[in-house]
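**Student:** Using only what follows, build the 3D model:
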Amino acid sequence: MFEDKIYIIAEAGVNHNGDIELAKKLIDAGKKAGVDCVKFQTWITEELITKDAPKAAYQISNDGEGSQFEMLKKLELSHEDFRELKKYSEKKGIDFLSTPDEEKSLNFLVDELGMEIIKVGSGEINNLLYLKQIARKNKAVILSTGMSTLAEVEKAFYTLKDNGAKEIAILHCTSEYPAPLETVNLKAMDTLSSVFKTTIGYSDHTDGIYISIAAAARGARIIEKHFTLDKSMVGPDHIASLNPEELKNMVDGIRAVEESLGDGIKRIQQVEFATKKIIQKGIYAKRTIEINEIITEELLVGKRPVKDLGMENYELIIGKKVLIKIEKDAAINLNQLEF
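**Tutor:** This next block holds a predicted model:
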């Protein structure tokens, strides 16, 4: 999955503030920044949460007091809105994706809208019944793994795999907004790759763009990052999101990393050959060498450029007799020596 290039998901999430026109502007901004996909979240509040569920600390900090139910109800878009957003994304030439947060929205997104990839949020890691429902859709799945141990990820992964998920990518994640750098633990991607032998990515909740770019350099094949049109807007996620300019800079940075990764084979690049001959060292006479002298290490020095023999071949001429006088600082070649 996503092996052709690093797949960049711009997480609009709930940063539309419940306004479909703002959601369309987020799609426009994502397209302009060069991301592959703009992703939303789809839910029916009554199906997702109890009315007295408290807010997380970051939600209170960013959105004020009140219940999660009240907050999510304000942010909820209708299924009809998502029909329109999918059509708008297709018109703009950008992938549409939305995380289904409960079963009715899962059925809508997959069975009615034809969504081919199911993004699963970190909050579903322990929701094994729902993971079975997702797997039975027989689609590709992207699984975020914030707030979980390796054992919990393993249980979720095999619940999906054993119940029909076509393909499963795993995103490492720290579920704090913003996530402190010391909690990021990018090396955990290596562990996930080693254990599950599948596509690994990173869902980034840190401030700024640097950790997403670092994750790409470390091998992430999917990068997900929240973005907004304006960080000063009221809402739970705006302040921990990128603005459009930052999103564009992140995309440019990831694409630069991607282009530079190569195939892992250590070789001389075509652009290096001309420089190699000028910069590497050739074999030169450290002093004037007379006829019939025997070449020793003390008679040789490496200097730029390589004219005849490179210094990697110096042992080839040690112990050989000189046939013609070689002046100091002259390049030494095989025709001057007796073999």
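**Student:** Do a quick rundown of the strands in the stretch 201-339 of the chain.
**Tutor:** Along the stretch 201-339 of the chain, the stretches classed as strands by DSSP state E, counting those that start in this stretch are 222-226, 282-285, 300-303, 321-322, 337-338.
**Student:** so where's this structure shaky on pLDDT?
**Tutor:** Low-confidence regions of the chain, defined by pLDDT under 70, span residues 1, 58, 61-63.
**Student:** Tell me which residue lies nearest the centroid of it.
**Tutor:** In the chain, the C-alpha nearest the mean C-alpha coordinate belongs to Ala216, at 3.2 Å (Cα atoms, centre = their mean).
**Student:** what's that residue in contact with, if anything?
**Tutor:** Shown in contact with Ala216 (Cβ atoms under 8 Å, 6 or more residues apart in numbering): Ile6, Ile223, Gly253, Ile254, Val257, Glu258. No exception for glycine: its C-beta is placed from N, CA and C like everyone else's.
**Student:** Tell me how far the third one lies from Phe157.
**Tutor:** Relative to Phe157, Gly253 is positioned 30 Å away (criterion: Cβ to Cβ, to the nearest Å).
**Student:** same deal with Leu334?
**Tutor:** Here the criterion is Cβ to Cβ. By it, Leu334 lies 62 Å from Phe157.
**Student:** Comparing those two, which residue is more hemmed in?
**Tutor:** With neighbours defined as other Cβ atoms under 10 Å, Leu334 and Phe157 compare such that Phe157 has more, 22 against 12.
**Student:** was I right about that one contacting Leu143?
**Tutor:** Yes - counting by Cβ atoms under 8 Å, Phe157 touches Leu143, with 6.9 Å between them.
**Student:** Pull the residues that contact the longest helix along the chain.
**Tutor:** Determined from DSSP state H, the single longest helix within the chain is helix 244-261. With contact meaning Cβ under 8 Å, 6+ apart, helix 244-261 is reached by 5-6, 8, 10, 29-30, 32-35, 208-209, 212-213, 216-217, 223, 225, 227, 229, 242.
**Student:** Buried ones among those residues?
**Tutor:** 6, 8, 10, 29-30, 33-35, 209, 212-213, 216-217, 223, 225, 227, 229, 242 (16 or more other Cβ atoms under 10 Å).
**Student:** Those residues in helices, which ones?
**Tutor:** Ala29, Gly30, Ala33, Ser212, Ile213, Ala216, Ala217.
**Student:** now those as a markdown table including distance to Lys321?
**Tutor:** What follows is those, written out as a markdown table (distance: Cβ to Cβ, whole Å):
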| residue | distance to Lys321 |
| --- | --- |
| Ala29 | 76 |
| Gly30 | 74 |
| Ala33 | 69 |
| Ser212 | 64 |
| Ile213 | 59 |
| Ala216 | 58 |
| Ala217 | 54 |
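**Student:** if we take those, which one ends up nearest to Asn126?
**Tutor:** Closest approach to Asn126 among those (Cβ to Cβ): Ser212, at 26.6 Å.
**Student:** List the contacts of that closest one.
**Tutor:** Tyr202, Asp204, Thr206, Ile223, Lys225, Met250, Gly253, Ile254.
**Student:** excluding its backbone neighbours, what's nearest the fifth one?
**Tutor:** Yep, that's Lys225 we're talking about. Leaving out its chain neighbours, the residue that sits closest to Lys225 by Cβ to Cβ, 6 or more residues apart in numbering is Asp204, at 4.9 Å.
**Student:** and what of the third one?
**Tutor:** If the residues on either side of it in the chain are set aside, Thr206 comes closest to Ala179, at 4.9 Å by Cβ to Cβ, 6+ apart.
**Student:** count of neighbours near that neighbour?
**Tutor:** So Ala179, with other Cβ under 10 Å, has 20 neighbours.
**Student:** repeat for Thr275
**Tutor:** Quick note: Thr275 (other Cβ under 10 Å) scores 11 neighbours.
**Student:** who's in contact with it?
**Tutor:** Contacts of Thr275 (Cβ under 8 Å, 6+ apart): none.
**Student:** Kindly provide the distance from it to Glu167.
**Tutor:** 44 Å.
**Student:** Next, the contact list for His238, please.
**Tutor:** By Cβ under 8 Å, 6+ apart, the contact list for His238 reads Asn15, Asn62, Thr228, Asp230, Lys231, Ser232.
**Student:** residues in contact with the last one?
**Tutor:** Listed by Cβ under 8 Å, 6+ apart, the contact partners of Ser232 are His238, Ile239.
**Student:** Now do the phi/psi pair for it.
**Tutor:** Per-residue torsions, Ser232: phi -80, psi 0 (degrees, to the nearest 10).
**Student:** now stretch 290-300, how far from the centre of its chain.
**Tutor:** 57 Å (Cα atoms, centre = their mean, to the nearest Å).
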